[in-house]
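Asker: How does the following fold in three dimensions:
(chains A and B)
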Number of protein chains: 2
Amino acid sequence: MEAPLIEVPDGTVTTPTGFLAGATDANIRGNAPGRLDLGLLYSEQPCAAAAVYTTNKLPGASLVSTRQRLADGRAQALIANSGCANALNGDRGLVDAEEMARLAAGKLGCAAVAVAVASTGVTGTFMPMDRVRRAIEHINVTEDGGDAFAHAIMTTDTVAKQCAVRFEHGGRVYAAGGCAKGSGMIDVNMRTMLGFLTTDAPVGPAALQTLLRDVADVSFNMLTVDGDTSPDDTVLLLANGAAGGDTIDAGHPALPLLRAAVERVAVTLTRKLARDGEGATKLIEVRVDGAASSEDARRAAKAVARSALVKTAVYGNDPNWGRILVAVGYSGCSVEEQKIALSIQEVDVVRNGAPLAFDEAAVSAALNHPEVRFRIELGLGDASATAWGCDMTPEYVRINAEYTT
Amino acid sequence: MEAPLIEVPDGTVTTPTGFLAGATDANIRGNAPGRLDLGLLYSEQPCAAAAVYTTNKLPGASLVSTRQRLADGRAQALIANSGCANALNGDRGLVDAEEMARLAAGKLGCAAVAVAVASTGVTGTFMPMDRVRRAIEHINVTEDGGDAFAHAIMTTDTVAKQCAVRFEHGGRVYAAGGCAKGSGMIDVNMRTMLGFLTTDAPVGPAALQTLLRDVADVSFNMLTVDGDTSPDDTVLLLANGAAGGDTIDAGHPALPLLRAAVERVAVTLTRKLARDGEGATKLIEVRVDGAASSEDARRAAKAVARSALVKTAVYGNDPNWGRILVAVGYSGCSVEEQKIALSIQEVDVVRNGAPLAFDEAAVSAALNHPEVRFRIELGLGDASATAWGCDMTPEYVRINAEYTT
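Answerer: Below is the predicted model:
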């Protein structure tokens, strides 16, 4: 019955109608002229805006000021930069973040209160506002600017992460798009994960916030690269209604489809973030079924995806099922040893809590693949969850040992 | 007023009077003949016994069977092995653990119910009971056997960890000693942290359990190597009373001194464990003061010691204060940014939440030291805590990527 989601080839954050973006090189790092590092995202119409933020108790200035301006669930634009996190900068950080919102508003012709600000990069250094003021004049926002915008927010990311999908409802075509940056999920210096999602569906702010929170819980919030969490993690969802039709609020028949579309975008971005974790060579997907509760399923999946010992074993193509079960054991989820089953790359290795005779060399060979999948059946209930992570490599250590010195 | 603690040079788990130990090579690994891997610890008198165990919900068979036998707070002996964790082995694991207790009891001439069993090594392989039965006959327990015993429990440890202290009270001399193994704190295959503490002071089981729990909370429980927690972590404290005198129970004037002695042994072992973490080149000590509560102080200190980004920065001699504050921020402790102060190797780098001008090259040079110390002042209360960890190195990844394959 449900209409299909259609992937948009080379889809971006400006695939949905009425969104424009652009970027320029402001040399925010001070030593990287020519690198895109300042971007604008703009909607021709005012948007309903939803956001989820880091739980870190020392949030960055851009996040703090954005949370205030977007408290009414409305926004029309976003200014984002890489190279400087504008975090741990005291009062001056807030002053600079607010000026960035005013600069974007002046350039784009909207109200400063409708501008979100997002920053990622080095901690404890001030934003080079003179260069930001000069550079913003050179940004032209266009329908094709999504790709440049996605590049402007990259830090140690090796590739830009973006995608879009379309779906039809009631004779209208809607789109959802997005871009994200991550890599060290979290590297405090790189200020971590940012995700920007757009849709041209008309949605009320309350329904949009609920939708984003639900989607984030099964996508970005199930991603772990090294277990640290950033002061600046921000996911923003803008809905401008440019595709027309009735407002999609709670109970509207199109809401499940819109949610599916945004979830597809968010999960696609999450998988791209995991695969491009710092130093990573592989994406790890951990699926837990049969948990006593949804919270249990989430805990178990995240504990496995986060375990340094699981991550190093995956790097080494080591079918080390014991490490996986131990992570389940300390995750805090309810477990009964004799009910656990586990498969690695679709090969059953544990049943009823005991190891099966399996071909270790064959499973090791199967682990030598850019996507590694674990499925854990707890046998206690019907709750499920999926978490994503990446392997841990000597390169991860090298990147993070050498970052500032 | 308080009598001093006197370090015993080359002190071991058999430094306290009346404890005997020994070890042999049982070739439990199957490929390492000549390596000590099976040890006995024995008290000539029955002991009060206290223990703290892992919170992992999939505990190993040796732990499960020991917890049952020691439920009455009494023990007289311990059999410990490395090379096989006897975990995730189903019912046969329990049968084997119980036979190990009976074998030790038969060899030593005490009741099987008074024997603790502890195993560390590879998961999911059965204990080679035939070799254990043969080998145990070759163990002679002596007053000088503590060192051999400490070696028999080593896995990826590069050095044995042991120490002892003496103190005087009421004209009597008491001793407390101990040994531990760790290394991958936790590596599930290596089955992680074991700590065995002894004292010849006379203590009742209830007071001993309280004492051990308090001591473990400020020593072993503040240690993190890679954030995983093992199914087999066990710390055991035996008090045989061989030094004589009244029973030291709650309210006894010697109890604070005994606690200080056991704490000194436990903290010394904890520091040795941290310094010998898998692949580690440095010990990290994180001291948090001024927290609103003891729980807050503990959370903040552990979050910093556990952060992969802090650990890699320490490896790289990178005075990356931002990563430290970010870990405090996500630890869950109460914080007010403008009240935080931080020193790295006794150099003040942050005050009132803002970075100070400091000599980065000098601090980086100071970080090139086998012991790295961070002090964090939260400025909110008077609670303190100290956590220990180690740096994260490419060698950590190598060890754990290559373990079984």
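
Asker: secondary structure class for the residue lying farthest from the centre of chain A?
Answerer: What lies farthest from the middle of chain A is A:A357; by C-alpha atoms, centre = their mean that is 38.7 Å. A:A357 falls in the coil class when you classify it by DSSP: H, G, I helix; E, B strand; the rest coil.

Asker: domains of chain A?
Answerer: A:6-275, A:283-401 (automatic domain parsing).

Asker: Chain B contacts on the stretch 251-400 of chain A?
Answerer: Selection of the stretch 251-400 of chain A residues close to chain B by C-beta under 8 Å from any C-beta of the partner chain yields A:306-309, A:312-313, A:315-323, A:325-330, A:332-335, A:337-338, A:353-355, A:360, A:364, A:392-394, A:396-398, A:400. Using the backbone N, CA and C atoms, a C-beta is placed for each residue, glycine as well.

Asker: Okay, and which of those map to helices?
Answerer: Counting by DSSP state H, these place A:306, A:308-309, A:312-313, A:315, A:321-323, A:325-330, A:360, A:364, A:394, A:396-398, A:400 in helices.

Asker: before we move on, back to that, what's the PyMOL line that selects buried ones from the residues of the stretch 251-400 of chain A next to chain B?
Answerer: Buried residues within these, by 16 or more other C-beta atoms under 10 Å in any protein chain shown, are selected in PyMOL with:
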select buried, chain A and resi 306+307+308+309+312+313+315+316+317+318+319+320+321+322+323+325+326+327+328+329+330+333+335+337+353+354+355+364+392+393+394+396+397+398+400
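
Asker: quick revisit: let me know the pLDDT of the residue farthest from the centre of chain A.
Answerer: Per-residue confidence at A:A357 stands at 87 (pLDDT).

Asker: contacting residues around the helix or strand hosting A:T386?
Answerer: For A:T386, the element it lies in under DSSP states H and E is strand A:383-390. By C-beta atoms under 8 Å, 6 or more residues apart in numbering or on different chains, the residues outside strand A:383-390 that reach it are A:218, A:222-225, A:270-271, A:273-275, A:277, A:280-294, A:296-298, A:300-302, A:304-306, A:311.

Asker: what angle do it and helix A:394-401 make?
Answerer: 70 degrees (axes from the mean of the first three to the mean of the last three C-alpha atoms, to 10 degrees).

Asker: Can I get strand A:383-390 as CSV, trimmed to CA atoms?
Answerer: Extracted C-alpha coordinates of strand A:383-390, given in CSV (Å, rounded to 0.1, in the frame of the first residue of the first chain):
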residue,chain,number,x,y,z
ALA,A,383,12.0,-5.2,20.5
SER,A,384,14.7,-4.5,17.9
ALA,A,385,17.4,-1.8,17.2
THR,A,386,20.2,-1.2,14.8
ALA,A,387,23.4,0.7,15.6
TRP,A,388,26.3,1.7,13.4
GLY,A,389,30.0,2.2,14.0
CYS,A,390,33.3,1.6,12.3
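
Asker: Once you drop chain neighbours, what's closest to the one residue in the stretch 101-250 of chain A that gets nearest to chain B?
Answerer: Residue nearest to chain B within the stretch 101-250 of chain A: A:T123 (3.4 Å; C-beta to the nearest C-beta). Distances taken as C-beta to C-beta, 6 or more residues apart in numbering or on different chains put B:G322 closest to A:T123, at 3.4 Å, once the chain neighbours are dropped.

Asker: low pLDDT regions in chain A?
Answerer: For chain A, the stretches flagged by pLDDT under 70 are A:1-3, A:183-192, A:225-232, A:403-405.

Asker: Ignoring the adjacent residues along the chain, who's closest to A:T224?
Answerer: Excluding the flanking residues, the one nearest A:T224 by C-beta to C-beta, 6+ apart is A:R306, at 4.4 Å.

Asker: wait, the one you found sits on A:L223?
Answerer: No - using C-beta atoms under 8 Å, A:R306 makes no contact with A:L223, being 10.0 Å away.

Asker: Show me where chain A has its helices.
Answerer: A:61-69, A:90-108, A:129-136, A:146-152, A:205-217, A:255-275, A:294-306, A:308-315, A:321-330, A:360-367, A:394-401.

Asker: And the longest strand belonging to chain A, how far out from the chain middle?
Answerer: Counting by DSSP state E, the longest strand found in chain A is strand A:38-53. Per C-alpha atoms, centre = their mean, to the nearest Å, the displacement of strand A:38-53 from the mean C-alpha position of its chain is 16 Å.

Asker: Quickly run through the sheet partners of that strand, with directions.
Answerer: strand A:19-24 (antiparallel), strand A:74-84 (antiparallel), strand A:234-239 (antiparallel) (DSSP bridges).

Asker: Can you say which of those is packed in most?
Answerer: strand A:234-239 (a mean of 28; mean count of other C-beta atoms under 10 Å in any protein chain shown).

Asker: can I get the CA coordinates of that strand in PDB?
Answerer: Output of strand A:234-239 as PDB, limited to C-alpha atoms (Å, rounded to 0.1, in the frame of the first residue of the first chain):
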ATOM      1  CA  THR A 234      23.400  19.400  16.000                       C
ATOM      2  CA  VAL A 235      20.800  18.000  13.700                       C
ATOM      3  CA  LEU A 236      18.400  20.500  12.100                       C
ATOM      4  CA  LEU A 237      15.400  19.800   9.900                       C
ATOM      5  CA  LEU A 238      13.700  22.500   7.900                       C
ATOM      6  CA  ALA A 239      10.300  22.100   6.200                       C
END
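
Asker: correct me, but A:S293 touches A:D382?
Answerer: No - in this structure A:S293 lies outside contact range of A:D382 using C-beta under 8 Å: 9.8 Å.
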